[in-house]
Each structure stands twice: as structure tokens, then as C-alpha cells.
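Q: following is a predicted model, sequence given first.
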Amino acid sequence: MTLVLKPTSEGKDLQRSSSLGPYLQGALMEKVDAGYAALLHQLPFNPYSQYCRWEGDELVWRVNALTDEAAGHIIEPLRSCDTIELRSMRTTFDVVKTSLETQSLKTLLNEINEPGPDKMRIRFCTPTAFKSQGTYVIMPSVRLILQNLLMHYGQVYDNNKEGYAETIEFVDKHVRILTYNLHSHYFGRVSGGQKSVPAFVGTMTLGMRGPAMTAGLARMLLRFGEYAGVGIKTSMGMGGFQCLDA
């Protein structure tokens, strides 16, 4: 679901930053019942993501639900909203437009077996980072991107907690970075006294070779990333992700 928001006169001086994501997550959780919110805290990967970006004087907020259950608890309450209130910022946004897009899991999985391009250009729309051995990683690799997406997919749809080590090893051998245009970008935290998260934004083109099914799996995972986000803190506004024409 995409919501176009316009700040009231009270909020016109907002910093135009993707760091509004954590505040929007707070507003979103206010609309979710307590039982479901408690369930989300127990999951290693959330069945939703959200991020925002400024377009002129309007804030475009994208909220993605990965399952029917998540859509019922997260998307449905937003459909009747006229305003979004960020209480901790004492700011209110008017909802000026909403649009809803649905994608079936079957259509997504068809990417694996259908012919497609041998390269894909991707955009990290909001600050993106990975975490490895307790350390933030701000230089993306094919392995980090596809491993994160495959593990997220497995947790949400297959309840697979073991990962897919052999699959990642194989795909990593057949996908490579062709070009990139990235730069570092910190993502602010909500809690006072905590440092910002080091991250990156920008574009990257990936090339796929080898067996057709391997390229298809890579394309499917990248398409999945448009809904799931990629990397850490995708429910707080990090890892906003788009597939572009190569």
C-alpha cells in the first residue's frame, strides 16, 4: 500500500529524511492490535516492511505486507485513515491519496522458471545495511543481498530456520556485480543517546549467468526484495528496495 502524506502547518519544518521511518513504524503499530504486535516481536523476520521518501512537499509512505494475515492486521487499518499522527514528534500528516497493489506468491515464483533478463538494476531507496558477526556491513555483496532475501523468504513462507547454505553458495557463483553507484548514508535512531546506523544508498546492476533456473531464482529474490526490503531494520524504514530497468 502506498500513502501520499502532506504535513499539516505544524509539521512543515520536518527534516526531509528517510529517518522518519521509525516514527512511521510507531504510528503503524498504534493501529495494530496488541496480540499481533506481540507476535511480531518474536519473529526473526517481520512479515511486513515500510519506508518513506519525500517527493516535493509530500511524503510517500510505502507499507508492504508479505502474507494475508499481515495484510489483515497492518494494511486494512490504514485503508480508512485520513490522518497519520507521529505522537513523539507532535506532528500530523493528512492522507491525500492511497493506492493498493497486490501480488500473488504464485506470480512471484513464476520468475524462477520463466525466461527473463540476464541482468537487473536495483536501487537501495533508503539507507541499507547488513550485520555480520555483530558488526554493521555497509558495502553490499551478492552473497549478503541474496542470502538475506532467501532467509527472509524461507522464514516467512517455509518456516525454514536453517537457511539455504548450498543454494546461496551455488547462486553466488553465478551472479556478479556489473556496476554500482553507491554512497554512505547514516540512518538516525529514535532512542535518545544511540548512535546512527552506518548504511548506504544508491544503485547497482547485477549480472546473472549459468543455469536458467539459477538466474530465475536470483530474479525472484530481487522482486521479493521490493516487498520485503533488504538488510536490517526493514520494518523501521531501512532497506527500501526497487528493481529498475537495466
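A: Good, I have the coordinates.
Q: please count neighbours and contacts with C-alpha atoms only from this point.
A: Will do.
Q: select the longest helix from this protein.
A: Counting by DSSP state H, the longest helix found in the chain is helix 212-228.
Q: got the end-to-end distance for stretch 7-20?
A: Its start and end residues considered, stretch 7-20 measures 12 Å (C-alpha to C-alpha, to the nearest Å).
Q: now the longest helix of the chain: mean pLDDT?
A: The average pLDDT for helix 212-228 rounds to 95.
Q: and it, what does it pack onto?
A: strand 48-55, strand 58-65, helix 105-113, helix 142-153, helix 165-174, strand 200-208, strand 241-244 (3 or more C-alpha pairs under 8 Å, 6 or more residues apart in numbering; DSSP states H and E).
Q: how about the contacts made by residue 87?
A: residue 27 (C-alpha atoms under 8 Å, 6 or more residues apart in numbering).
Q: which strands or helices does the helix or strand of the chain with the lowest mean pLDDT pack on?
A: The helix or strand of the chain with the poorest confidence is helix 165-174; it has a mean of 89 (mean pLDDT, DSSP states H and E). Applying 3+ C-alpha pairs under 8 Å, 6+ apart, one finds that helix 165-174 contacts helix 142-153, helix 212-228.
Q: list the buried ones in the last one?
A: What it means is helix 212-228. For helix 212-228, the neighbour count (16 or more other C-alpha atoms under 10 Å) marks 213-228 as buried.
Q: tell me which residues are up against it.
A: 47-49, 64-66, 108-116, 118, 120, 146, 149-150, 152-153, 171, 174-175, 208-209, 234, 240-243.
Q: again, only using 7 Å
A: Contacts with helix 212-228, where a contact means C-alpha atoms under 7 Å, 6 or more residues apart in numbering, come from 48-49, 64, 66, 108-109, 111-114, 146, 149-150, 171, 208-209, 241-243.
Q: from residue 186, how far out is residue 88?
A: From residue 88 over to residue 186 (counting by C-alpha to C-alpha), the distance is 21 Å.
Q: neighbour count: these two, which is higher?
A: Neighbour totals were compared for residue 88 and residue 186, and residue 186 leads with 18 against 10 (other C-alpha atoms under 10 Å).
Q: for that one, give me its contacts.
A: 127, 196-199.
Q: one more: residue 8?
A: Contacts of residue 8 (C-alpha under 7 Å, 6+ apart): 92-94.
Q: which of these sits closest to residue 34?
A: residue 92 (22.9 Å; C-alpha to C-alpha).
Q: what's the least confident stretch among the helices and strands packed on helix 212-228?
A: For the helices and strands packed on helix 212-228, where the average pLDDT is lowest is helix 165-174, sitting at a mean of 89.
Q: residue ranges of each domain in the chain, please.
A: For the chain, automatic domain parsing gives the domain ranges 2-99, 105-244.
Q: most tightly surrounded among those domains?
A: domain 105-244 (a mean of 18; mean count of other C-alpha atoms under 10 Å).
Q: any idea how far it is from the chain center?
A: Relative to the centre of its chain, domain 105-244 is centred 9 Å away, using C-alpha atoms, centre = their mean, to the nearest Å.
Q: I'd like the numbering to begin with 31 instead of 1 from here.
A: Taking 31 as the first residue, the last one we looked at is domain 135-274.
Q: residue 209 contacts residue 235, doesn't it?
A: Yes. Applying C-alpha atoms under 7 Å, one finds residue 209 in contact with residue 235, separated by 5.2 Å.
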